[in-house]
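Enquirer: Need a 3D model of the following:
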Amino acid sequence: MSLDPRDLSENTDLYRFDSQALAQLAVGTSVFIACVLTAADILPLWPISDSLLSLALRLVGQWIVVVVVWFVGFQAIAHTLKFISKGVVVTDYGIKLSRFDRVIPWTSIKAISLEPNLFFTRLFQLKTPARKLTLLFHFELKNGFMRKLLFPNYIPSFFFNKQTFDALVADVARRTQLLPNLSESMQADLPYTLAFCALDPDEGASVRTTYQWLDRQRVVVTLMILFLMVTVLGQRAMGYYCYNTAGVLMRQYKLSEAEGYYRQAVRYQPAFAAGWNALGQVQYKLAQIEHDRKRLAEADVCWRRAILLKLDYVEPRLNLARVSMDRGDLVVAQEFLDKVSFLAPDNALYILDQAELSLRKGDYKRSAKLARLLLVEADAGRLKHEYAFKANCIMAMVYLQKANGNAVNENLAEAEKYIGRYSQRVEDYRDGEDFTFFLEVSSRLQEIKGNKAQAQRLAAWAASRRTLDQVGLLSPGNLALDR
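Expert: Here you go, the predicted structure:
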């Protein structure tokens, strides 16, 4: 909105917002917000902290992150608004609280007040004490009832430097003529403790009613804010506490207890995508142990809900691709992996799953290429051990498939280079390695070497470890063996 034509006069003044004042407000609010959020994170961080020192370091790190993010964001928004709005416009006709606000005619202003704002000063630890200039005015409307009501407009001092705000207060007092004696004698440097309330004598009842209503409104708003803070932050704290506690129980392999905590986490935070994904993972593990198809279906629902809550969420898509691959539904598995390729093409687990899927589809060239990429990362120490383990198994299987044709001995030797160093004792694998996949590759190796009995023993062992009709590499009809 541009200036009203009635505002265009030689006596137009602009009281600009001050960058230093906005920076001081940004510092104060960032410290306050960081303290509130950090305090709310004490409970969630407790389960994953080994000691009080560990907890303190995590809280300090969290506090610093919030301070920096809030300060930068607040400054960006404040300076954007400062650039657009400029400040308060005062003319002979009226006042506009920004370039885009409607004009409030001086004749409509029936009361003004100035008061120190000690609450904001202490809350945000402002170096310059905060003050508040309040204008009570009538809207110029045809509706008789609305014209009788007084509406407040607040001008806080922490948007301006002291000199600008003092000049604005003096100018408003002079132009409204509600303080004829005081306005003419106002000094350029007003004391921070100065407080006054001036009103039109004919509007005494309206002003009194308005302030009574504002007092009630202030109480209601304060209670609502406190309620929302306690509710939102409390539910968030409990949700993350349950989520982190469940993570600790998962590492201890207490799956049933972890499931209960994950359910509590999503109950406290229904829109918590990571919680739904984790609940799906524990349901999947329990389904394998208990041979329970109902749990497997629940895991599918949890992962799909996590995707709906966070459309760019990679992990649940990888989980759904894994389940589809286990069922032998390679087309659906490829669809999920294709979506992941757009979201996180460098994700190590995506590359590993795509390498296995290419192996199952008989695309050995692509499978080997992807597995080698992972092994390069493993050599540099940038890949999880369980991922490197499976990448070696995939490379071995690629060479074993090549051994079906010619150069049998050379391909067998290459395959043994990748998996020969690994033990066949299940107790040696405790970090999430796919031991069943390793048994299938080892069975294929022994079969090609002519050790039929050993191959059958390993194949039977691998089959006994698969649950819910999972389709393994050695399952009849698998493309990886048919090519």
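
Enquirer: Provide the contact partners of stretch 288-295 at residue level.
Expert: L255, Q283, Y284, L286, A287, T467, L468 (C-beta atoms under 8 Å, 6 or more residues apart in numbering). All C-beta spots, glycine's among them, are computed from the backbone N, C-alpha and C.

Enquirer: did I read that right, L59 in a helix?
Expert: Yes. Membership of L59 in a helix is supported by DSSP: H, G, I helix; E, B strand; the rest coil.

Enquirer: Contacts only, for it.
Expert: Residues near L59 by C-beta under 8 Å, 6+ apart: T38, D41, I42, L45.

Enquirer: Mind pulling up the pLDDT for the closest residue in space to the second one that isn't next to it in sequence?
Expert: What that stands for is D41. Closest residue to D41 apart from its sequence neighbours, by C-beta to C-beta, 6 or more residues apart in numbering: Q62 at 5.6 Å. As summarised for this prediction, Q62 has a pLDDT of 93.

Enquirer: burial measure for Q62, as a count.
Expert: For Q62, the count of nearby residues is 18 (other C-beta atoms under 10 Å).

Enquirer: quick one on the thing from earlier: show me just the buried residues among the contacts of stretch 288-295.
Expert: Among the contacts of stretch 288-295, those buried by neighbour count (16 or more other C-beta atoms under 10 Å) are L255, Q283, Y284, L286, A287, L468.

Enquirer: what mean pLDDT does the longest helix anywhere in the chain have?
Expert: As assigned by DSSP state H, the longest helix anywhere in the chain is helix 204-251. What helix 204-251 shows for mean pLDDT is 91.

Enquirer: now do stretch 402-419
Expert: pLDDT averaged over stretch 402-419 gives 87.

Enquirer: okay, and for the stretch 51-200 of the chain, where does confidence drop off?
Expert: In the predicted model of the stretch 51-200 of the chain, residues 140-148, 181-188 satisfy pLDDT under 70.

Enquirer: Mind doing that once more with 90?
Expert: Within the stretch 51-200 of the chain, the segments meeting pLDDT under 90 span 79, 81-86, 92-93, 96-104, 107-108, 119-120, 123-128, 138-151, 170-171, 173-200.

Enquirer: Select only the buried ones of the contacts of L59 in PyMOL?
Expert: Buried members of those, defined by 16+ other C-beta under 10 Å, are picked up in PyMOL with:
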select buried, resi 38+41+42+45
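
Enquirer: need the contacts of L59 in CSV with pLDDT, can you?
Expert: Putting the contacts of L59 into CSV (pLDDT from 0 to 100) gives the following:
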residue, pLDDT
T38, 93
D41, 92
I42, 93
L45, 93
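
Enquirer: List phi and psi for K110.
Expert: Here the main-chain torsion angles of K110 (degrees, to the nearest 10) amount to phi -110, psi -10.

Enquirer: What of L133?
Expert: Residue torsions, per degrees, to the nearest 10, at L133 are phi -100, psi 120.

Enquirer: Among the buried ones among the contacts of stretch 288-295, which one lies nearest to D379?
Expert: The nearest member of the buried ones among the contacts of stretch 288-295 to D379, counting by C-beta to C-beta, is Y284 at 31.2 Å.

Enquirer: what number of residues lie near G61?
Expert: As a burial measure, G61 scores 11 neighbours (other C-beta under 10 Å).

Enquirer: do the same with Y387
Expert: Counted with other C-beta under 10 Å, the neighbours of Y387 add up to 20.

Enquirer: so where does it fall, helix or strand?
Expert: Element membership for Y387, per DSSP states H and E: helix 385-402.

Enquirer: Which positions within that helix qualify as buried?
Expert: Neighbour-count burial for helix 385-402 flags 387-402 (criterion: 16+ other C-beta under 10 Å).

Enquirer: can you name the two of the contacts of L59 that are farthest apart?
Expert: Farthest pair in those, by C-beta to C-beta: T38 and L45, 9.4 Å.

Enquirer: overlap in contacts of those two?
Expert: Here T38 and L45 have L59, Q62 as joint contacts, going by C-beta under 8 Å, 6+ apart.

Enquirer: In contact with L249, which residues are there?
Expert: If a contact means C-beta under 8 Å, 6+ apart, then L249 has L255, E257, A258, Y261 as its contacts.

Enquirer: where does the second one land in three-state SS?
Expert: Following three-state DSSP, E257 is assigned to helix.

Enquirer: how close does it get to W276?
Expert: Here the distance between E257 and W276 works out to 18 Å (C-beta to C-beta, to the nearest Å).

Enquirer: So the two - more neighbours on which side?
Expert: Each of E257 and W276 has its neighbours counted (other C-beta under 10 Å); W276 has more, 27 against 15.

Enquirer: Relative to the whole chain's centre, how far out is the host helix or strand of the more buried one?
Expert: Taking DSSP H and E as the criterion, W276 maps to helix 273-290. On the basis of C-alpha atoms, centre = their mean, to the nearest Å, helix 273-290 is displaced by 22 Å from the centre of the chain it belongs to.

Enquirer: do stretch 196-212 as well
Expert: From the chain centre to the centre of stretch 196-212 is a distance of 47 Å (C-alpha atoms, centre = their mean).

Enquirer: Show residues contacting it.
Expert: Contacts of stretch 196-212 with the rest of the structure, by C-beta under 8 Å, 6+ apart, involve 110-114, 136, 148-150, 152, 173, 176, 178-179, 182.

Enquirer: First-to-last residue distance for it?
Expert: The stretch stretch 196-212 measures 17 Å between its terminal residues, going by C-alpha to C-alpha, to the nearest Å.

Enquirer: List the buried residues in that stretch.
Expert: A198, L199, E203, S206, V207, T210, Y211.

Enquirer: Now the first one. Nearest residue, chain neighbours left out?
Expert: This points to A198. For A198, the nearest residue in space outside its immediate sequence neighbours is L178; the separation is 3.9 Å by C-beta to C-beta, 6+ apart.

Enquirer: OK, contacts around that neighbour?
Expert: I109, A111, I112, A198, L199, D200.

Enquirer: got a list of what the closest residue to the first one other than its chain neighbours touches?
Expert: Residue nearest to I109 in three dimensions, not counting chain neighbours: F137, with 4.6 Å by C-beta to C-beta, 6+ apart. Residues touching F137, when contacts are defined by C-beta under 8 Å, 6+ apart, comprise I104, S108, I109, K110, L150, F151, N153.

Enquirer: picking up where we left off before, and the angle for the longest helix of the chain with helix 273-290?
Expert: Taking axes from the mean of the first three to the mean of the last three C-alpha atoms, to 10 degrees, one finds helix 204-251 and helix 273-290 inclined to each other by 30 degrees.

Enquirer: distance between helix 204-251 and the chain's centre?
Expert: Using C-alpha atoms, centre = their mean, the distance from the centre of helix 204-251 to the centre of the chain it belongs to is 20 Å.

Enquirer: Stretch 414-424 too?
Expert: Relative to its parent chain, stretch 414-424 has a centroid offset of 43 Å by C-alpha atoms, centre = their mean.

Enquirer: Stretch 121-141 too?
Expert: Remark: stretch 121-141 is offset 33 Å from the chain centroid, using C-alpha atoms, centre = their mean.
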